[in-house]
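Chemist: Generate coordinates for the sequence data below:
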Amino acid sequence: MRRMALTRRSPVLLLALLASVALVACQAARTGRHDVSLLITGGTVVTVDSAHHVFSPGAVAVDGRDIVAVDRADVIARAFRARQTIDAAGQVVLPGLVNTHGHAPMVLYRGLADDLALMDWLQNYIFPAEAKTVTPGFVRAGTRLAALEMIESGTTTHTDMYYFEEEVANATREAGMRGVLGETIINFPSPDAKTPAEGLARTEAFIKAFRGDELIVPAVAPHAMYTVDEQWLRASRALADKYGVPVLLHVSETQDEVNTSIEKHKLRPVEYLESIGFWGPRTVAAHGVWLSDAEIAILARRNVALSHNPESNMKLASGAAPIVKAMNAGVLVVLGTDGAASNNDLDMFEAMRQAAFLHKLETMDPRALPATTAVEMATIRGARALGMEREIGSLEPGKRADIITVSMKGARQTPMYNPISHLVYVSKGGDVQNTIVNGRVLMRDRKVATLDEARVLADARAMAERVREAVRKK
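Modeler: The predicted structure is shown next:
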């Protein structure tokens, strides 16, 4: 009976819907303006599109999750009216930043062990701390803290490798962010898997659970060639190929890693991974500090993206990655922060700035990594590395509305002659005023709407007490 009643009403509902659509169309015809859900107007719009369009003052029209128009502010005002408007006067509007390498829950180890070399830091401090403290609750609290920091500093998409990755995914989605997330596969017992086989099984279950999600892209994340045996590296590639998902791993981060690879395999890390058929599409290799020319050529030939993490590499004294040489050879080089335990923040503006400075110094050429390139590495190139360039990374009609606005009103930003230069050489994460993902405003005027800041901070501090106690007992 209920189904019949609905069926009888359906023509009436259809007529009402058509009448409503006709009314909206008539109103739009009279006024010449189309209704959209959100207008961001009055700021300097840096599109990062292929033509490098900059509109000042410009505006972006958003309807639902999509960008529908980007143009001068007066053109957008004549064409659209919105239910919600963000006044971006005195701000730069640009695509949300894409962090291509990180370990979000490790914000809870921020400052736990500093001024150490990588292997000392990992083996004597981080791995033991993780063994004692990493739980689903730890991962959940850490990811929420990381998401709060990233939203506040303009990152809209983050890439993650950690444990209990379903907790990372759920916390990322609840915060409204995008994530390309991989369950870590590693030789030794980890907090959520006793063996690599178990880690691989968890990864497959994770992929099945989040395939097709609006915000989450699952990935396969073997830790590194020196912590994962050949059998499981091959299995990781096969699993990624089976489901068509990205692969994330660390490679050539330290000179010790290279020496160990040569001693064990008679090949450098990238060469060894090539020899076992590991490299493939949608692969992001993090660090690449100690790449040879031959290894760079392999990455270029295999279309592997290289995630450059300048702050972590400098802080751990791992070295300066040859990214200018890699870019000149055709490698897609992008930016990441790494985990906050070795950075010690998740500010992608700092990553842009430090990358530009480091490689000007390293090459003794001030033109080596210009501001325009740094911005692209943090936006459209990052999206391309993750296979998402059709959806995000630039402000263009038809793309998802992942947008941030950055204040240029303060003494530090005055005067502003070149907005792109200011984004790299002047701006900091705390200058971000508004953060939007998929058309949803996650932060407006520095107030995050999707997370309870007081609770997130309280939970993080409580978890830090557990970490402090666990480390004290080691």
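Chemist: What segments of the stretch 1-150 of the chain are helices?
Modeler: Using DSSP state H, counting those that start in this stretch, the helices of the stretch 1-150 of the chain run over 2-31, 73-79, 118-121, 127-133, 136-152.
Chemist: which parts of the second one are buried?
Modeler: The one in question is helix 73-79. Along helix 73-79, these residues count as buried under the neighbour rule (16 or more other C-beta atoms under 10 Å): 73, 76-77, 79. Bear in mind the C-beta positions are built from the backbone N, C-alpha and C, glycine included.
Chemist: middle-most residue in the protein, spatially?
Modeler: Residue closest to the mean C-alpha point of the chain, counted by C-alpha atoms, centre = their mean, is His158 at 2.4 Å.
Chemist: Wasn't that one part of a strand?
Modeler: Yes. Assessed with DSSP: H, G, I helix; E, B strand; the rest coil, His158 lies in a strand.
Chemist: before we move on, back to that, now tabulate the buried residues of helix 73-79 in a markdown table and tack on distance to Asn328 and pLDDT.
Modeler: Converted to a markdown table, the buried residues of helix 73-79 look like this (distance: C-beta to C-beta, whole Å; pLDDT from 0 to 100):
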| residue | distance to Asn328 | pLDDT |
| --- | --- | --- |
| Ala73 | 39 | 98 |
| Ile76 | 39 | 98 |
| Ala77 | 43 | 97 |
| Ala79 | 42 | 97 |
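Chemist: Distance of the residue nearest to the centre of the chain relative to Leu116?
Modeler: As defined by C-beta to C-beta, to the nearest Å, His158 lies at a distance of 25 Å from Leu116.
Chemist: Please apply the same query to Pro218.
Modeler: In terms of C-beta to C-beta, Pro218 sits 32 Å off from Leu116.
Chemist: for Gly280, helix, strand, or coil?
Modeler: Per three-state DSSP, the secondary structure class of Gly280 is coil.
Chemist: quick one: His422 and Leu94 touch, right?
Modeler: No. His422 is beyond contact range of Leu94, at 11.0 Å (criterion: C-beta atoms under 8 Å).
Chemist: which of these two has more neighbours?
Modeler: Leu94 (26 against 22; other C-beta atoms under 10 Å).
Chemist: can you give me the strands in the stretch 301-450 of the chain?
Modeler: 305-308, 333-335, 403-407, 432-437, 440-444, 447-448 (DSSP state E, counting those that start in this stretch).
Chemist: elements contacting the second one?
Modeler: Applying 3 or more C-beta pairs under 8 Å, 6 or more residues apart in numbering; DSSP states H and E, one finds that strand 333-335 makes contact with strand 97-99, strand 305-308, helix 323-328, helix 348-363, helix 371-377, helix 380-385.
Chemist: rewinding a little: between the buried residues of helix 73-79, which sits nearest Val45?
Modeler: Taking C-beta to C-beta as the measure, Val45 lies nearest Ala73 of those, at 8.6 Å.
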